[in-house]
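Undergrad: below are the sequence and a predicted model; questions follow.
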Amino acid sequence: MRSYIQRPIVRLGLVITGVLAVLVAIYAVLGFFMVPRLLRSHLEDFVRGHYARTLTLGEIRFNPFTLTLQMRDFSLPDADGTPLLGASRLLVRLEYASLWRLGPSFQDILLERPFGHVVIRPNGALNLADLAKPFASAAPSAPPPKSKPVRLFIDRLAVLEGRVNFEDRTRPTPFTAELLPLSFELRDFSTVGRAEDEYQLTAATPAGERFH
């Protein structure tokens with residue numbers, strides 16, 4: 001009698017285990033293979049459709065179990081084809097705490113060796129202003145009603161070994177300058193806090209200059 005009762009229970013357990021295994025396998029396949037492919041396609045189509053430019057993207061990896069995204073060697077060109085913005089590596093690690101915090105919770109956002117080429121063109125226009133043009137018509141005509149900020153949590157945000165090239169072409173002899181290395185780190189940031197909180201920013205250069 002006991003053996004007769006146990007058989008359906010064992011079968012049910014095997015069925016549930018099999019279903020869970022299939023779901024985990026599907027989740028892994030979608031995460032490891034489909035997410036990078038869809039992200040690449042979406043980013044390339046977005047840049048091509050809004051800026052008529054070709055985005056350069058290296059390797060893209062996503063781990064669905066650790067919620068970690070890595071992108072390498074990406075670059076957005078300027079109107080003349082020269083690199084405008086980019087970086088050698090972007091790492092984003094999302095936490096499962098996002099579920100009960102009711103907002104994106106990032107363990108790490110790491111940007112390695114980012115670069116930017118800022119140019120004031122001969123007509124006085126700033127090349128970075130091109131990035132806002134596709135969204136100019138979408139700007140609301142009236143200010144939106146006041147609301148609470150989106151819930152956001154960042155344990156660590158770091159920018160390492162950044163570089164900015166500046167060029168002013170409005171002058172008879174173009175002025176050029178290079179700012180490097182640019183590095184900073186932000187820890188334990190959130191948009192959820194008490195009223196009238198105080199915030200501080202401290203920065204330093206390799207030469208010893210400090211800003212507070």
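TA: Cool, got the structure.

Undergrad: where exactly do the helices run in this protein?
TA: Counting by DSSP state H, one finds helices in the chain at the ranges 2-29, 35-51, 98-101.

Undergrad: now those helices as a markdown table including mean neighbour count, distance to residue 114 and mean pLDDT?
TA: In this view, the C-beta of every residue, glycine as well, is placed from N, C-alpha and C. Converted to a markdown table, the helices of the chain look like this (neighbours: other C-beta atoms under 10 Å; distance: least, C-beta to C-beta, whole Å; pLDDT from 0 to 100):
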| stretch | mean neighbour count | distance to residue 114 | mean pLDDT |
| --- | --- | --- | --- |
| helix 2-29 | 10 | 31 | 74 |
| helix 35-51 | 14 | 16 | 94 |
| helix 98-101 | 12 | 25 | 90 |
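
Undergrad: redo those as TSV? Include distance to residue 135.
TA: Listed next are the helices of the chain as TSV, based on distance: least, C-beta to C-beta, whole Å:
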stretch	distance to residue 135
helix 2-29	34
helix 35-51	8
helix 98-101	27
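
Undergrad: go through the ones you listed and name the closest to residue 78.
TA: Nearest to residue 78, of all those, is helix 35-51, at 9.8 Å by C-beta to C-beta.

Undergrad: check which helices and strands the closest one sits against.
TA: With contacts taken as 3 or more C-beta pairs under 8 Å, 6 or more residues apart in numbering; DSSP states H and E, helix 35-51 sits against strand 60-63, strand 68-77.

Undergrad: got the CA positions of that helix in PDB?
TA: Taking Å, rounded to 0.1, in the frame of the first residue of the first chain, the C-alpha atoms of helix 35-51 are listed here in PDB:
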ATOM      1  CA  VAL A  35      20.400  39.000 -24.600                       C
ATOM      2  CA  PRO A  36      23.800  39.900 -26.100                       C
ATOM      3  CA  ARG A  37      22.400  39.400 -29.600                       C
ATOM      4  CA  LEU A  38      19.300  41.500 -29.000                       C
ATOM      5  CA  LEU A  39      21.300  44.200 -27.200                       C
ATOM      6  CA  ARG A  40      23.800  44.500 -30.000                       C
ATOM      7  CA  SER A  41      21.000  44.700 -32.600                       C
ATOM      8  CA  HIS A  42      19.000  47.300 -30.700                       C
ATOM      9  CA  LEU A  43      22.000  49.500 -30.000                       C
ATOM     10  CA  GLU A  44      23.200  49.400 -33.600                       C
ATOM     11  CA  ASP A  45      19.700  50.100 -35.000                       C
ATOM     12  CA  PHE A  46      19.200  52.900 -32.500                       C
ATOM     13  CA  VAL A  47      22.400  54.700 -33.500                       C
ATOM     14  CA  ARG A  48      21.900  54.100 -37.200                       C
ATOM     15  CA  GLY A  49      18.200  55.300 -37.100                       C
ATOM     16  CA  HIS A  50      18.800  58.400 -34.900                       C
ATOM     17  CA  TYR A  51      22.200  59.500 -35.900                       C
END
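
Undergrad: quick one: residues in contact with it.
TA: 53-55, 57, 60-62, 64, 69, 76, 130-131, 134 (C-beta atoms under 8 Å, 6 or more residues apart in numbering).
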